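J.: okay, here's the prediction I keep looking at, along with the sequence it came from:
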Amino acid sequence: MEGERGRRVVDSILRTIGIVSVLAILALRLYATVRTIPIRTPWDDSTIRLAARQESRQETFAGALARLVLPNPPPVLEGRLNGYQRWLVVGLMLGRQIRPGSGELAFQVVNFILLCLQTLTLMVFAHWATRDVALSAGFTFLWISAPVVFGMNRWVLTENLVLAAGPILSFLAACLLGREAPREPGSRSLVLTAGSAAYVMGLFSVAREYAGPSYFAIVGATLLGLALQKRRGEAAVFVAVTASFVAPLASPLAAALRATVTKGSREEWLHPLGEWIPHVSLYTVGPALTVALIVLVGAGLYRAGARGAGPPQEDGTTLGGRSHGALAGLRVLFWAHLLLLAFYLGGIVWVRSRVSRLAILPMVVATGLALIGTRLSPEIQRTLSTTRAKGAVLALIVASWSVLSYQLFVAFDGGETYAHAAYRLEYYNYPLHLRPLRGPQDSYVCFDECPYD
């Protein structure tokens, strides 16, 4: 009785702190959207701002909205896919109608919306995996408080769309495959669900060229899972909707990938792993989320190995002969994420071009792998529901708040030299306030030796 009471107390504390932390960090980001100076450098973000402003002057609102929500060739900016631009253009045109002259605010609102999409997706995804509100709130906070997620969100950069697209793709595929093979596989509602999932996944297929392998691997695993579950009607609709997005994507994606490979030889971006790994653990993914992902992915892989050739189980229910049940599709998706993680990590080890943003895709794929693995394993779910595990999540939340608070309020004063060392490993510990920009050519970059290098 005493142990049960203690477990409930810890669960209540974690649930409260997790939910309050999520709301607090969103409120902090909303404050930064409206009240603080935006981050700007003379590189990608300035180029993206300019391109979005130019397109918004040449496009009608109906045309801009159609380009956002309908399949069409994505824009390519300086050799990179830039589906993010569509979001900015629509936001900019809406902003002009609501509040003329607020272009920068419109960009920041678009970023805030993408952060909210990440928050909602991670909250539902984690609850789907753990079936625990407290754990899902805690994990969601660890994600959105990661330096690259919260810090990047203040930049006008395509990575904001990549960070939103990653969890959305994994979650939609997992939800579609996570149900039992239906008794009426051709029912209209199930076909509509499959088509809707494919459509939303297609909307986020043009985040960036380097995220292309994730999209195609997850789509392929989804189709294979539907086939194993003998859901032919849903698979046919899924293929048809996906093809409508892939067809206009193919040529721009191939061109952008060639440009990406060429850029990989830039000497300014070459860093040894001994420098890159600790940097991304502290300044990009953050120590709290890094620990959580390592533990959850490790547990998922251990349980997957322990299951071996035995029949898949969930909550003690043996599926046995029902090889086309829900877990058949989910396990395909699990292994697809594992292959993606190995692919991205192998690429980072192989190439010498290592900037901080290269850690985004392993972080995104590891998140999907961790949550799908948790859903597949009742043992992991039971372990996470213990008092000790929830106490550890509380400690990670405290650690994440400590890192974020230090980066926002203590690390730098936002003075003359602050922001981003030219072509160094990118730092994402941005203070909440910066000095005002002096003009359209001003930025927060120190090209000479920076005080924190």
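T.: Okay, I see it. Everything numeric in this text was worked out from a predicted model, so none of it was measured.
J.: how many residues are close by residue 6?
T.: Neighbours of residue 6 under the rule other C-beta atoms under 10 Å: 11. Where C-beta positions appear, they are placed from N, C-alpha and C, glycine not excepted.
J.: that one: helix or strand, and which one exactly?
T.: According to DSSP states H and E, residue 6 maps onto helix 2-35.
J.: list the buried residues in that helix.
T.: By 16 or more other C-beta atoms under 10 Å, the buried positions in helix 2-35 come out as 10-11, 14-15, 17-19, 21-22, 25-26, 28-29, 32-33.
J.: pull out the buried positions in stretch 211-224.
T.: 211-219, 221-224.
J.: and the residues you listed as a markdown table, adding distance to residue 205 and pLDDT?
T.: Shown next, in a markdown table, are these (distance: C-beta to C-beta, whole Å; pLDDT from 0 to 100):
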| residue | distance to residue 205 | pLDDT |
| --- | --- | --- |
| 211 | 9 | 89 |
| 212 | 8 | 89 |
| 213 | 12 | 91 |
| 214 | 10 | 94 |
| 215 | 5 | 94 |
| 216 | 9 | 94 |
| 217 | 12 | 96 |
| 218 | 10 | 96 |
| 219 | 8 | 96 |
| 221 | 15 | 95 |
| 222 | 13 | 95 |
| 223 | 14 | 94 |
| 224 | 18 | 93 |
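J.: C-terminal to the lowest-mean-pLDDT helix or strand in the chain, what's the next element?
T.: Ranking every helix and strand in the chain by mean pLDDT, DSSP states H and E puts strand 317-318 at the bottom, with a mean of 39. Toward the C-terminus, strand 317-318 is succeeded by helix 326-350 as the next helix or strand (DSSP H and E).
J.: which secondary structure elements does that following helix contact?
T.: Packing partners of helix 326-350 (3 or more C-beta pairs under 8 Å, 6 or more residues apart in numbering; DSSP states H and E): helix 159-177, helix 212-228, helix 273-279, helix 287-307, strand 313-314, helix 360-376.
J.: and residue 284, how far from residue 111?
T.: 18 Å (C-beta to C-beta, to the nearest Å).
J.: actually residue 5, sorry about that
T.: Counting by C-beta to C-beta - residue 5 and residue 111 are separated by 43 Å.
J.: per-residue confidence at the most centrally placed residue in the chain?
T.: The residue lying closest to the centre of the chain (C-alpha atoms, centre = their mean) is residue 163, at 3.0 Å. With respect to pLDDT, residue 163 has a value of 95.
J.: ok, it touching residue 150?
T.: No. Applying C-beta atoms under 8 Å as the test, residue 163 and residue 150 come out as separate, 10.3 Å apart.
J.: coming back round to it: could I get the helices and strands packed on helix 326-350 as a markdown table with distance to residue 258?
T.: Output for the helices and strands packed on helix 326-350, formatted as a markdown table (distance: least, C-beta to C-beta, whole Å):
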| stretch | distance to residue 258 |
| --- | --- |
| helix 159-177 | 19 |
| helix 212-228 | 12 |
| helix 273-279 | 25 |
| helix 287-307 | 31 |
| strand 313-314 | 44 |
| helix 360-376 | 19 |
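J.: and these, which one is worst for confidence?
T.: Looking at the helices and strands packed on helix 326-350, the lowest mean pLDDT belongs to strand 313-314 (a mean of 46).
J.: roughly how far does residue 355 sit from residue 287?
T.: 20 Å.
J.: tilt between the one helix or strand residue 52 maps to and helix 159-177?
T.: Using DSSP H and E, residue 52 falls within helix 44-58. Angle between the axes of helix 44-58 and helix 159-177 is 80 degrees (criterion: axes from the mean of the first three to the mean of the last three C-alpha atoms, to 10 degrees).
J.: what are the contacting residues of helix 44-58?
T.: The contact list for helix 44-58 (C-beta atoms under 8 Å, 6 or more residues apart in numbering) reads 39-40, 64, 75, 77-78, 82, 84-85, 88-89, 92-93, 96, 103, 107, 155-158, 443.
J.: switch the cut-off to 6 Å
T.: 77, 85, 88-89, 92-93, 155-157 (C-beta atoms under 6 Å, 6 or more residues apart in numbering).
J.: make a PyMOL selection of whichever of those turn out to be buried.
T.: In PyMOL syntax, the buried subset of the contacts of helix 44-58 is picked out as below (16+ other C-beta under 10 Å):
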select buried, resi 77+85+88+89+92+93+155+156+157
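J.: which stretches of the protein aren't confidently modelled?
T.: Where the chain drops to pLDDT under 70, the residues are 1-3, 180-187, 261-269, 307-326, 411-424, 426-430, 435, 440, 444-453.
J.: can you do 50?
T.: 1, 309-324, 413-419, 452-453 (pLDDT under 50).
J.: ok now stretch 58-70, how far from the chain's centre?
T.: Distance, stretch centre to chain centre, for stretch 58-70: 25 Å (C-alpha atoms, centre = their mean, to the nearest Å).
J.: list the buried residues for that stretch?
T.: 59, 64-65, 67-68.
J.: count the residues that sit near residue 94.
T.: 16.
J.: start at 6 instead
T.: Renumbered: residue one is now 6, and that last one reads residue 99.
J.: any idea what it is structurally, helix, strand or coil?
T.: The three-state label given to residue 99 by DSSP: H, G, I helix; E, B strand; the rest coil is helix.
J.: and the closest residue in space to it that isn't next to it in sequence, its phi and psi?
T.: In space, residue 99 comes closest to residue 111 once its chain neighbours are excluded; the distance is 7.0 Å by C-beta to C-beta, 6 or more residues apart in numbering. The phi/psi pair for residue 111 (degrees, to the nearest 10) reads phi -60, psi -40.
J.: looks like residue 111 contacts residue 100 (just checking).
T.: Yes. Residue 111 is in contact with residue 100 according to C-beta atoms under 6 Å; the separation is 3.1 Å.
J.: shared neighbours of those two, anything?
T.: By C-beta under 6 Å, 6+ apart, no residue touches both residue 111 and residue 100.
J.: returning to what we had before: just send the buried residues of stretch 216-229 back as CSV, with distance to residue 343 too.
T.: What follows is the buried residues of stretch 216-229, written out as CSV (distance: C-beta to C-beta, whole Å):
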residue, distance to residue 343
216, 17
217, 18
218, 13
219, 13
220, 17
221, 16
222, 10
223, 12
224, 17
226, 11
227, 16
228, 18
229, 14
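J.: now, among those, which is nearest to residue 310?
T.: Proximity of these to residue 310 (C-beta to C-beta) peaks at residue 226, which lies at 19.5 Å.
J.: list the contacts of the closest one.
T.: 337-338, 341.
J.: now these in a markdown table, with neighbour count and distance to residue 194?
T.: Output for those, formatted as a markdown table (neighbours: other C-beta atoms under 10 Å; distance: C-beta to C-beta, whole Å):
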| residue | neighbour count | distance to residue 194 |
| --- | --- | --- |
| 337 | 22 | 23 |
| 338 | 25 | 22 |
| 341 | 25 | 26 |
